[in-house]
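[1] sequence plus the predicted model coming up.
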Amino acid sequence: MADNPAPRPRYLFIGGLHRSGTSLVNRLANALPGAGGITGSAAPENEGVYLQGAIPHTALSGRPMQFATNPDEHLTEAHPLNRLETRLRLEHDWDPWFAPGLDWRVEKSPVNFTRMRLLQQLFPMAQFIVVLRHPEAVAASVAAWVDAEPAALIDHWCEAHAQMAADLPYLHAVLILRYEDIIRAPDRALHQIAAFLDTKPASTPEAIADGNRPYAGAPALSPTQADAVVRWGYGPELAVHDWAGQVQHPLRAVREAVIQLAVPQD
């Protein structure tokens, strides 16, 4: 009798707007037992989007504060790339960059933010983490990269996250984390990620500073923008309010474990 084949690793895809904290969440997830990300590549931040040829990614793709509202970069189950050949090519291209024997392959690319529905079709057992950060801080931190007024950058944030929210009903397993909650209680956030993956927690691998502080006094949300982001617990002047968190998972026990670890605000 032939030996049973080793179980295939599952994928955890991390996405969000640039400067939202996706790299931080990637490091936290990689610290969990049985999980690991892409290492040793020359790609920026070891992002898998640059290390594959299955989903075209050119110099015009994934541009900060542009990709998330570009209809051509919103990839869903209706996309022509929803086929077996795409999955096989992705796995072939990524295989050399992941350590062998992982239970979870962690792939972080900001553009996953708009590709979750297609990626779920390609990898039905995949799970997703979306990282949010206060729109005023995101706008201020990308200002050196993007030639646009702060109000336009915040409008982009609002539109992009409205589209993401509309995608959520199509996803089986997704966890939304706020950057501000992570830096406030990193150990708790790490335990949330572990609970979401139904694995054991680990010690926080690094000290985490509050990256929002340098942006105190940045242009504030307008009343209309504030109305658009209140659902995520954000307000003008970098205000962060109570938010119950959001998680979707087929198993109620997993959902409840994650929600119980949500970070309370003062």
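    In hand now; what should we look at?

[2] quick one: the strands in this structure?
    With strands called from DSSP state E, the chain shows them at 10-15, 35-37, 104-108, 127-132, 174-178, 234-235, 239-240, 246-248.

[3] contacting residues for the residue lying closest to Pro250 once chain neighbours are set aside?
    What sits nearest to Pro250 in space, not counting adjacent residues and going by Cβ to Cβ, 6 or more residues apart in numbering, is His172, at 5.8 Å. Placement of C-beta: from N, CA and C, glycine included. The neighbours of His172, taking Cβ atoms under 8 Å, 6 or more residues apart in numbering as the test, are Gln120, Pro124, Gln127, Gln248, His249, Pro250.

[4] give the closest residue to Trp243 in space, chain neighbours not counted.
    Using Cβ to Cβ, 6+ apart, the nearest residue to Trp243 is Gly233, at 3.1 Å.

[5] which pLDDT value belongs to the one you found?
    At Gly233, the pLDDT value in this model is 97.

[6] pretty sure Phe67 sits against Ser109.
    No: counting by Cβ atoms under 8 Å, Ser109 is not a contact partner of Phe67; they are 10.5 Å apart.

[7] who's more crowded, those two?
    Per other Cβ atoms under 10 Å, whichever of Phe67 and Ser109 has more neighbours is Ser109, with 26 against 21.

[8] what segments of the stretch 151-266 of the chain are helices?
    Listed in chain order, the helices found in the stretch 151-266 of the chain under DSSP state H, counting those that start in this stretch are 179-184, 186-196, 223-229, 252-260.

[9] can you put those in JSON lines and add mean pLDDT, mean neighbour count and distance to Ser23?
    Output for the helices of the stretch 151-266 of the chain, formatted as JSON lines (pLDDT from 0 to 100; neighbours: other Cβ atoms under 10 Å; distance: least, Cβ to Cβ, whole Å):
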{"stretch": "helix 179-184", "mean pLDDT": "95", "mean neighbour count": "22", "distance to Ser23": "11"}
{"stretch": "helix 186-196", "mean pLDDT": "95", "mean neighbour count": "22", "distance to Ser23": "14"}
{"stretch": "helix 223-229", "mean pLDDT": "98", "mean neighbour count": "15", "distance to Ser23": "22"}
{"stretch": "helix 252-260", "mean pLDDT": "95", "mean neighbour count": "15", "distance to Ser23": "21"}
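
[10] closest one to Ala209 among those helices?
    Nearest to Ala209, of all the helices of the stretch 151-266 of the chain, is helix 179-184, at 7.2 Å by Cβ to Cβ.

[11] how about Pro100, phi and psi?
    phi -70, psi 150 (degrees, to the nearest 10).

[12] which ones are touching it?
    By Cβ under 8 Å, 6+ apart, no residues touch Pro100.

[13] pLDDT wise, what is it at?
    In this model, Pro100 carries a pLDDT of 96.
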